[in-house]
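**Q** with the sequence up front, the predicted model follows.
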Amino acid sequence: MTNLGFKKLTTDNWLEPDKISSSFVRISPINGQFHSITNNEWVQEISKPNLIETVPVEIQRLFEVARGALAYGYFFYPLYTLAGEQLFRVAEGAIIFKCKTMGAPNSINTFQKKVEWLIRNGIIPKHEKGEWDAIRKLRNIASHPENQTILPPGPIISMLQRIAEKISSLFSGAVDNR
């Protein structure tokens, strides 16, 4: 650890787990003992959320890059945050792709306008507008940083799951617009 607040990469340490990663523990359901979460356990958790097959390959690629960065956070802790920030951009990419394939007018040219247009056209349920607005706002914060944010992996893994669900719903064909 340096005065940066996280590991400074060197040729000697870049393949070693970040010391912060080893501070996360699980309790064994068998004997109640604590153990550090291993890299394999992290990857198992990170591998669970998936996009449905009908999500375009362009968006699947973006999603897998974010997932990969999340997995490598075990070795360089700030990558957890970077992966989370990338997930917001992946969500935006999915919105852009969906609007383009549906022939949205050129005047629909911002993330917010695209979400509103998809709601009006029955692709995004009205009750999800607040979640999409939050994704947009977090994307803006991540894309225009004033300082380096460092987030723990748990919330990022939860975000991976939630964004996978949101993106999948854009391309599932099923909408409940109540």
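**A** Good, I have the coordinates.

**Q** spatially central, which residue of this protein would that be?
**A** Nearest to the geometric centre of the chain sits Leu87, at 3.2 Å (CA atoms, centre = their mean).

**Q** ranges for the helices of the chain?
**A** 39-47, 57-72, 78-102, 111-120, 129-143, 153-170 (DSSP state H).

**Q** looking at those, which one is packed in the most?
**A** Across the helices of the chain, the average number of neighbours (mean count of other CB atoms under 10 Å) peaks for helix 78-102, which reaches a mean of 21. Just so you know, the C-beta spots here come from the backbone N, C-alpha and C atoms, and that holds for glycine as well.

**Q** what angle do it and helix 39-47 make?
**A** Going by axes from the mean of the first three to the mean of the last three CA atoms, to 10 degrees, helix 78-102 is angled at 20 degrees with respect to helix 39-47.

**Q** quick one: list the elements packing against helix 78-102.
**A** helix 57-72, helix 111-120, helix 129-143, helix 153-170 (3 or more CB pairs under 8 Å, 6 or more residues apart in numbering; DSSP states H and E).

**Q** give me the contacts around the longest one.
**A** Think helix 153-170. Outside helix 153-170, the residues within contact range by CB atoms under 8 Å, 6 or more residues apart in numbering are 21, 24, 42, 45-46, 48-52, 55, 59, 63, 66-67, 70, 73, 80-81, 83-84, 87-88, 90-91, 94-95, 98, 118, 123-124, 128, 131-132, 135, 175.
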